[in-house]
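Chemist: just a sequence and a predicted model for now, questions to come.
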Amino acid sequence: MGIFILGFFFPKANSRGSFIGFLSSLCLQLWIVVGAQLTKKQMKSKRLPLSITNCPV
């Protein structure tokens, strides 16, 4: 779909450029997914209490 849209808006785009764009976007997506999986365990946040008893405000 992305290569079709590239060819629609940029008629001078060739197959080499679209393939390089595809590979670079694939590498970027892999970087994001692997990074998210590796840091998932490191980013645990604590839940704050929802009670308003003893609230000084």
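Modeler: That came through fine.
Chemist: who's in contact with stretch 11-29?
Modeler: Identification of contacts with stretch 11-29 by Cβ atoms under 8 Å, 6 or more residues apart in numbering yields Gly2, Ile3, Leu6, Gly7. To be clear about C-beta, it is placed using only N, CA and C from the backbone, and glycine gets the same treatment.
Chemist: recalculate using a threshold of 7 Å.
Modeler: Contact with stretch 11-29 is made by Ile3, Leu6, Gly7, as judged by Cβ atoms under 7 Å, 6 or more residues apart in numbering.
Chemist: show me which helix runs longest in this structure.
Modeler: helix 15-39 (DSSP state H).
Chemist: so for this structure, the centremost residue is which one?
Modeler: For the chain, the residue nearest the mean C-alpha position is Ile32 (5.5 Å; Cα atoms, centre = their mean).
Chemist: so where does the residue nearest to Gly7 when sequence neighbours are not counted fall, helix or strand?
Modeler: The shortest distance from Gly7 to any non-neighbouring residue, by Cβ to Cβ, 6 or more residues apart in numbering, is to Ala13 (5.8 Å). Secondary structure from DSSP states H and E places Ala13 outside every helix and strand.
Chemist: Ser24 versus Ala13, what's the distance?
Modeler: 14 Å (Cβ to Cβ, to the nearest Å).
Chemist: of those two, which one has the most company?
Modeler: More neighbours surround Ala13 than the other of Ala13 and Ser24, with 14 against 10 (other Cβ atoms under 10 Å).
Chemist: let me see the contact set for Met43.
Modeler: Counting by Cβ under 7 Å, 6+ apart, there are no residues that Met43 touches.
Chemist: now name the helix or strand holding it.
Modeler: Going by DSSP H and E, Met43 is not part of any helix or strand.
Chemist: what pLDDT does it get?
Modeler: Per-residue pLDDT puts Met43 at 70.
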